[in-house]
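1. Prediction below, plus the sequence it came from.
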Amino acid sequence: MSHNHEALKEYYGRVLSGTGDLKTNACCSEPNTMPLPARDILKLIDQEITDRFYGCGSPIPASLDGCTVLDLGCGTGRDTYILSGLVGKNGLVIGIDMTDEQLSVARRYLPSMMEKLGFQQAPNVEFRSGYIEKLQCLGIESESVDVVVSNCVINLSPYKREVFKEIFRVLKPGGELLFSDVFSGQRIPESLKDDPVLLGECLSGALYIEDFRRLLNELGCSDYRLLSKAPVTINNPEIEAKIGGIAFYSMTIRAFKLDNLEDICEDYGQIAAYKGTVSGYPHSFQLDDHHRFITGKPERVCGNTAAMLQDTRLGTHFTIQGTRKVHYGPFDCASGCDDREPAGTCC
Ligand SMILES: C[S@@+](CC[C@H](N)C(=O)[O-])C[C@H]1O[C@@H](n2cnc3c(N)ncnc32)[C@H](O)[C@@H]1O
């Protein structure tokens, strides 16, 4: 593919042999947001896998039972195995990575992990070797996947448009992308982009967040939601000197494949109520950093939020009153949701 791919295979395959070899905190600044059911599965995962975890967040969605999930850039498979436990015996998780050394660790533990999770008769995990820009070559058909996750990988791709295009191709209508990644507060100068350490440490490939928004818009996704955003601390004077004053953030973002999303929140008088039925979340459900639905409590929502809760796999867990038949103008954020920092579109 590109010389960046080769540099990264070298970095993740041979330079790094564990989180202790990382030169910055960018690839391991995981905020403690992992859902409880996932934490229980994490306890079952072997140390060699977790020692080589280089993620920057917890892109582990809820309500996965029976789902087909793709883990892009799965590395040694920590998240893949957590997802395996969550999709259950009727689900399937496909972990994809281009670095043989990473995949060989992931594959070595497949039999024992399937046994621990109770799926030894019919394993629900596959690891495939290849590029996340070329999912077609890995046999991933269009509209075949319920959820795509990725943890600190897309920043590394020199072909980000292709990655997101492929994601939206393979997702079923209403499917979800949930990913954690490093983003930058400004565009990264060309002169830094090919530095193998800055690239491998998930810094110089980071997308400027506004360019990410533009890219998703161009690909037809006009609203995505921020779940968490934390500054990345580099803690390496040499690298800080190279990178100058650029700010980096570890962000977890959710986007749905829906064709009825609008570029600002619009008010159709719709009301959403959470039924309390997502496994592990009896009291409330968090859609994003400013929508937490308390079980049974009706909340005014914009048209986009209503679509995310109704026309996706979350639909069975919410009741939505109202349709888009009558429009009442832009959605009044002050009364409909709290006033934290905006993400894609939503107030
Ligand atoms: C920072 S590590 C994260 C690994 C894993 N998600 C985790 O949380 O431990 C990045 C991984 O993405 C893989 N990767 C990077 N670019 C890729 C690409 N274009 N196609 C496939 N895998 C890629 C690397 O081989 C590496 O294993």
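-> Received it, and whenever you're ready, just let me know what you need.
2. make it CA atoms for all contacts and neighbour counts henceforth
-> OK.
3. ok, which stretches of the chain are strands?
-> Secondary structure of the chain, counting by DSSP state E: strands at 68-72, 92-97, 125-129, 145-151, 171-184, 207-208, 225-231, 248-256, 270-274, 284-288, 291-294, 299-301, 318-321.
4. pLDDT on the longest one, on average?
-> Per-region confidence: strand 171-184 scores 98 on mean pLDDT.
5. Pairing partners for that strand, with directions?
-> With DSSP bridges as the test, strand 171-184 is paired with strand 145-151 (parallel), strand 207-208 (parallel), strand 248-256 (antiparallel).
6. Output the ones you listed as CSV; include the columns distance to the ligand, mean pLDDT and mean neighbour count.
-> Listed next are the strands paired with strand 171-184 as CSV, based on distance: least, C-alpha to the nearest ligand atom, whole Å; pLDDT from 0 to 100; neighbours: other C-alpha atoms under 10 Å:
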stretch, distance to the ligand, mean pLDDT, mean neighbour count
strand 145-151, 4, 98, 25
strand 207-208, 14, 98, 20
strand 248-256, 12, 97, 24
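7. Quick check: which of the strands of the chain is nearest to Glu201?
-> strand 171-184 (9.8 Å; C-alpha to C-alpha).
8. Can that closest one be said to contact the ligand?
-> No - taking C-alpha under 6 Å from any ligand atom as the criterion, strand 171-184 and the ligand are apart, separated by no less than 9.0 Å.
9. Send me that strand as PDB with only the CA atoms.
-> Taking C-alpha atoms only, strand 171-184 is exported to PDB below (Å, rounded to 0.1, in the frame of the first residue of the first chain):
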ATOM      1  CA  LEU A 171     -22.600  -1.000   7.700                       C
ATOM      2  CA  LYS A 172     -26.200  -2.100   7.400                       C
ATOM      3  CA  PRO A 173     -28.700   0.800   7.200                       C
ATOM      4  CA  GLY A 174     -29.000   2.000  10.800                       C
ATOM      5  CA  GLY A 175     -25.600   0.500  11.700                       C
ATOM      6  CA  GLU A 176     -23.200   2.200  14.000                       C
ATOM      7  CA  LEU A 177     -19.600   3.300  13.900                       C
ATOM      8  CA  LEU A 178     -18.100   3.700  17.400                       C
ATOM      9  CA  PHE A 179     -14.500   4.600  17.500                       C
ATOM     10  CA  SER A 180     -11.800   6.200  19.800                       C
ATOM     11  CA  ASP A 181      -9.000   8.000  18.200                       C
ATOM     12  CA  VAL A 182      -6.500  10.900  18.500                       C
ATOM     13  CA  PHE A 183      -7.600  14.100  16.900                       C
ATOM     14  CA  SER A 184      -5.700  17.400  16.700                       C
END
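10. Tell me how far that strand lies from the chain's centre.
-> 5 Å (C-alpha atoms, centre = their mean, to the nearest Å).
11. buried residues in stretch 293-308?
-> Residues of stretch 293-308 classed as buried: 293-295, 298-308 (neighbour count, 16 or more other C-alpha atoms under 10 Å).
12. Tabulate those residues (TSV), appending pLDDT and distance to the ligand.
-> Listed next are these as TSV, based on pLDDT from 0 to 100; distance: C-alpha to the nearest ligand atom, whole Å:
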residue	pLDDT	distance to the ligand
Phe293	98	29
Ile294	98	31
Thr295	98	32
Pro298	98	36
Glu299	98	35
Arg300	98	36
Val301	98	33
Cys302	98	33
Gly303	98	33
Asn304	98	29
Thr305	98	28
Ala306	98	31
Ala307	98	29
Met308	98	26
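13. which stretches of the stretch 201-347 of the chain have low pLDDT?
-> Residue ranges of the stretch 201-347 of the chain with pLDDT under 70: 334-347.
14. ranges for the helices of it?
-> Assigned by DSSP state H, counting those that start in this stretch, the stretch 201-347 of the chain shows helices spanning 209-218, 237-243, 303-310, 333-336.
15. Can you list the buried residues in the second one?
-> In terms of neighbour count (16+ other C-alpha under 10 Å), helix 237-243 has its buried residues at 239, 243.
16. Gly315 is in contact with Gly175, correct?
-> No - the pair Gly175 and Gly315 does not pass the contact test of C-alpha atoms under 8 Å, sitting 11.6 Å apart.
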